[in-house]
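Engineer: Dropping the sequence and predicted coords here.
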Amino acid sequence: TPHVPADLAAQSWTHIGDPDSSRGDIFDNFQYGGSNPTSKLFRVTTPSGATYQYTHTLVSGEEMNNSWVAVSPDSHWMVNGEWDTMTRFLVFPTPILNPSTPQTGGALDLGFQLNLDHPVRDIQGCTFFSATKLLCAADDPDTDLFPNAKQLLEIDLPSALSGSDITGHVVNLGQLPLNSICS
(Lines give C-alpha, C1' and ligand atoms only; values in the text may rest on other atoms or scores of the structure.)
Protein backbone atom coordinates (compact mmCIF):
# COMPACT_ATOMS: atom_id res chain seq x y z
CA THR A 1 0.00 0.00 0.00
CA PRO A 2 1.20 3.53 -0.67
CA HIS A 3 2.53 5.51 2.27
CA VAL A 4 1.89 9.16 2.97
CA PRO A 5 5.17 11.05 2.43
CA ALA A 6 6.72 12.33 5.68
CA ASP A 7 6.32 16.02 4.76
CA LEU A 8 2.56 15.54 4.28
CA ALA A 9 2.15 13.27 7.31
CA ALA A 10 3.71 16.05 9.42
CA GLN A 11 0.86 18.31 8.21
CA SER A 12 -1.79 15.71 9.30
CA TRP A 13 -2.49 14.27 5.84
CA THR A 14 -3.05 10.67 6.95
CA HIS A 15 -4.55 8.69 4.08
CA ILE A 16 -3.71 8.31 0.42
CA GLY A 17 -6.49 7.16 -1.90
CA ASP A 18 -6.41 5.29 -5.20
CA PRO A 19 -4.24 7.37 -7.59
CA ASP A 20 -4.26 7.77 -11.37
CA SER A 21 -1.83 8.96 -14.03
CA SER A 22 -2.04 10.74 -17.36
CA ARG A 23 0.59 11.90 -19.84
CA GLY A 24 3.32 10.84 -17.42
CA ASP A 25 1.96 12.81 -14.46
CA ILE A 26 0.88 10.90 -11.34
CA PHE A 27 -2.11 12.20 -9.35
CA ASP A 28 -2.24 11.26 -5.66
CA ASN A 29 -5.09 12.22 -3.36
CA PHE A 30 -4.77 12.77 0.38
CA GLN A 31 -7.24 12.95 3.23
CA TYR A 32 -6.79 15.19 6.28
CA GLY A 33 -6.57 13.28 9.55
CA GLY A 34 -6.78 16.15 12.00
CA SER A 35 -9.94 17.38 13.69
CA ASN A 36 -12.45 19.41 11.67
CA PRO A 37 -11.12 18.77 8.15
CA THR A 38 -11.87 21.60 5.72
CA SER A 39 -9.92 20.52 2.66
CA LYS A 40 -8.50 17.74 0.49
CA LEU A 41 -5.04 17.61 -1.01
CA PHE A 42 -3.99 16.48 -4.48
CA ARG A 43 -0.31 16.06 -5.29
CA VAL A 44 1.01 15.83 -8.84
CA THR A 45 4.35 14.22 -9.59
CA THR A 46 5.65 15.10 -13.04
CA PRO A 47 7.80 12.83 -15.23
CA SER A 48 10.87 14.86 -14.15
CA GLY A 49 10.08 14.12 -10.47
CA ALA A 50 8.83 17.61 -9.55
CA THR A 51 5.84 17.65 -7.17
CA TYR A 52 3.09 20.24 -6.93
CA GLN A 53 0.35 20.42 -4.32
CA TYR A 54 -3.24 21.47 -4.98
CA THR A 55 -5.60 22.12 -2.09
CA HIS A 56 -9.36 21.89 -2.50
CA THR A 57 -11.55 23.56 0.12
CA LEU A 58 -14.60 21.41 0.87
CA VAL A 59 -17.90 22.70 -0.51
CA SER A 60 -21.30 22.38 1.15
CA GLY A 61 -22.32 18.71 1.41
CA GLU A 62 -18.89 17.40 0.46
CA GLU A 63 -17.40 14.71 2.67
CA MET A 64 -13.79 14.88 3.79
CA ASN A 65 -12.97 11.46 2.33
CA ASN A 66 -10.58 11.53 -0.62
CA SER A 67 -10.91 7.94 -1.76
CA TRP A 68 -9.79 7.93 -5.40
CA VAL A 69 -9.14 9.91 -8.57
CA ALA A 70 -9.65 8.99 -12.24
CA VAL A 71 -8.34 11.25 -15.01
CA SER A 72 -10.46 11.48 -18.18
CA PRO A 73 -8.91 10.17 -21.43
CA ASP A 74 -8.50 13.74 -22.76
CA SER A 75 -6.62 14.57 -19.51
CA HIS A 76 -8.75 17.68 -18.87
CA TRP A 77 -10.90 16.37 -15.99
CA MET A 78 -10.18 14.53 -12.75
CA VAL A 79 -13.13 12.63 -11.24
CA ASN A 80 -12.96 12.19 -7.47
CA GLY A 81 -14.88 9.98 -5.09
CA GLU A 82 -15.82 9.99 -1.45
CA TRP A 83 -16.65 7.12 0.88
CA ASP A 84 -20.22 6.32 2.04
CA THR A 85 -23.40 6.23 -0.02
CA MET A 86 -23.12 8.70 -2.90
CA THR A 87 -25.35 9.91 -5.72
CA ARG A 88 -22.60 11.90 -7.41
CA PHE A 89 -18.87 12.11 -8.02
CA LEU A 90 -16.90 15.36 -7.95
CA VAL A 91 -15.08 16.60 -11.05
CA PHE A 92 -12.09 18.96 -10.99
CA PRO A 93 -10.02 20.45 -13.77
CA THR A 94 -6.96 18.18 -13.88
CA PRO A 95 -4.03 19.95 -12.21
CA ILE A 96 -1.33 21.00 -14.70
CA LEU A 97 -3.04 19.26 -17.66
CA ASN A 98 -6.11 21.53 -17.72
CA PRO A 99 -4.95 25.05 -18.62
CA SER A 100 -7.46 26.57 -16.16
CA THR A 101 -5.37 25.31 -13.21
CA PRO A 102 -2.23 26.88 -11.78
CA GLN A 103 0.81 25.13 -13.23
CA THR A 104 2.86 24.89 -10.03
CA GLY A 105 0.29 24.16 -7.31
CA GLY A 106 -2.28 26.19 -5.45
CA ALA A 107 -6.03 26.16 -4.97
CA LEU A 108 -8.17 23.64 -6.85
CA ASP A 109 -11.83 24.56 -7.21
CA LEU A 110 -14.60 22.07 -7.88
CA GLY A 111 -15.45 22.08 -11.58
CA PHE A 112 -18.81 20.29 -11.69
CA GLN A 113 -20.58 17.09 -10.64
CA LEU A 114 -21.01 13.74 -12.29
CA ASN A 115 -24.44 12.82 -10.98
CA LEU A 116 -25.42 9.14 -10.76
CA ASP A 117 -28.85 7.72 -11.60
CA HIS A 118 -28.48 5.09 -8.84
CA PRO A 119 -26.75 5.38 -5.45
CA VAL A 120 -23.39 3.68 -4.95
CA ARG A 121 -21.52 2.93 -1.72
CA ASP A 122 -17.89 2.80 -0.65
CA ILE A 123 -16.28 3.16 -4.07
CA GLN A 124 -12.66 2.08 -3.67
CA GLY A 125 -11.50 3.26 -7.10
CA CYS A 126 -12.53 4.00 -10.68
CA THR A 127 -10.82 4.18 -14.03
CA PHE A 128 -11.91 5.42 -17.41
CA PHE A 129 -12.46 2.59 -19.91
CA SER A 130 -13.34 5.16 -22.59
CA ALA A 131 -14.38 8.82 -22.71
CA THR A 132 -17.94 7.77 -21.85
CA LYS A 133 -17.39 4.78 -19.56
CA LEU A 134 -15.95 4.44 -16.06
CA LEU A 135 -15.38 1.12 -14.30
CA CYS A 136 -15.57 1.31 -10.50
CA ALA A 137 -14.86 -1.15 -7.71
CA ALA A 138 -17.10 -0.91 -4.65
CA ASP A 139 -16.11 -2.16 -1.20
CA ASP A 140 -19.80 -2.26 -0.25
CA PRO A 141 -20.43 -5.25 2.03
CA ASP A 142 -24.22 -4.88 1.83
CA THR A 143 -26.88 -5.92 -0.69
CA ASP A 144 -29.47 -3.18 -0.18
CA LEU A 145 -28.36 -1.13 -3.23
CA PHE A 146 -27.55 -4.06 -5.53
CA PRO A 147 -28.31 -7.81 -5.33
CA ASN A 148 -24.65 -8.60 -4.63
CA ALA A 149 -21.97 -7.20 -2.32
CA LYS A 150 -18.55 -5.88 -3.47
CA GLN A 151 -19.82 -4.67 -6.83
CA LEU A 152 -18.00 -4.01 -10.09
CA LEU A 153 -19.90 -1.03 -11.50
CA GLU A 154 -19.97 0.56 -14.92
CA ILE A 155 -20.86 4.26 -15.17
CA ASP A 156 -22.08 5.09 -18.68
CA LEU A 157 -21.97 8.78 -19.63
CA PRO A 158 -24.15 10.31 -22.38
CA SER A 159 -21.08 12.21 -23.65
CA ALA A 160 -17.48 12.91 -22.69
CA LEU A 161 -16.94 15.27 -19.75
CA SER A 162 -17.01 18.86 -20.98
CA GLY A 163 -17.14 21.18 -17.99
CA SER A 164 -20.77 21.07 -16.83
CA ASP A 165 -22.88 18.73 -14.70
CA ILE A 166 -23.63 15.40 -16.32
CA THR A 167 -25.59 12.31 -15.24
CA GLY A 168 -24.16 8.83 -15.57
CA HIS A 169 -26.10 5.59 -15.76
CA VAL A 170 -24.96 3.02 -13.16
CA VAL A 171 -24.79 -0.63 -14.25
CA ASN A 172 -23.98 -3.44 -11.81
CA LEU A 173 -21.66 -5.89 -13.60
CA GLY A 174 -21.68 -8.33 -10.68
CA GLN A 175 -19.51 -9.11 -7.71
CA LEU A 176 -15.80 -8.40 -7.85
CA PRO A 177 -13.62 -11.51 -7.75
CA LEU A 178 -12.84 -12.21 -4.12
CA ASN A 179 -9.79 -14.41 -4.66
CA SER A 180 -6.95 -13.19 -2.46
CA ILE A 181 -4.24 -14.42 -0.18
CA CYS A 182 -5.43 -11.74 2.27
CA SER A 183 -8.06 -12.77 4.82
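Structural biologist: It's in. Numbering: from 1, shown residues only.
Engineer: N98 contacts D74, doesn't it?
Structural biologist: No: using C-beta atoms under 8 Å, N98 makes no contact with D74, being 9.5 Å away. C-betas here are computed from N, CA, C, even on glycine.
Engineer: These two: which is more packed in?
Structural biologist: Between N98 and D74, N98 has the larger neighbour count (other C-beta atoms under 10 Å), namely 18 against 15.
Engineer: Is it correct that the more buried one falls within a helix?
Structural biologist: No: counting by DSSP: H, G, I helix; E, B strand; the rest coil, one finds N98 to be coil, located in no helix.
Engineer: shaky segments in this structure?
Structural biologist: Within the chain, the segments meeting pLDDT under 70 span 1-2, 182-183.
Engineer: mind listing the strands for it?
Structural biologist: 13-16, 20-22, 25-32, 39-45, 51-57, 68-71, 77-81, 85-93, 106-107, 112-121, 123-130, 133-138, 151-156, 166-175 (DSSP state E).
Engineer: Direction included, what does the fifth one pair up with?
Structural biologist: Paired neighbours of strand 51-57 in the sheet (DSSP bridges): strand 39-45 (antiparallel), strand 106-107 (parallel).
Engineer: Can you give the distance of the shortest one from its chain's centre?
Structural biologist: Right, strand 106-107. Centre-to-centre, strand 106-107 and its host chain are 18 Å apart (C-alpha atoms, centre = their mean, to the nearest Å).
Engineer: Residues touching it, excluding its own?
Structural biologist: Outside strand 106-107, the residues that touch it by C-beta atoms under 8 Å, 6 or more residues apart in numbering are Y54, T55, H56, T57.
Engineer: Any idea which of the strands of the chain gets closest to L145?
Structural biologist: Of all these, it is strand 112-121 that lies closest to L145, at 5.7 Å by C-beta to C-beta.
Engineer: which strands and helices sit next to the closest one?
Structural biologist: Judged by 3 or more C-beta pairs under 8 Å, 6 or more residues apart in numbering; DSSP states H and E, the packing partners of strand 112-121 are strand 85-93, strand 133-138, strand 151-156, strand 166-175.
Engineer: tell me how far the ends of stretch 102-118 are from each other?
Structural biologist: From the first residue to the last, stretch 102-118 extends over 34 Å; the measure is C-alpha to C-alpha, to the nearest Å.
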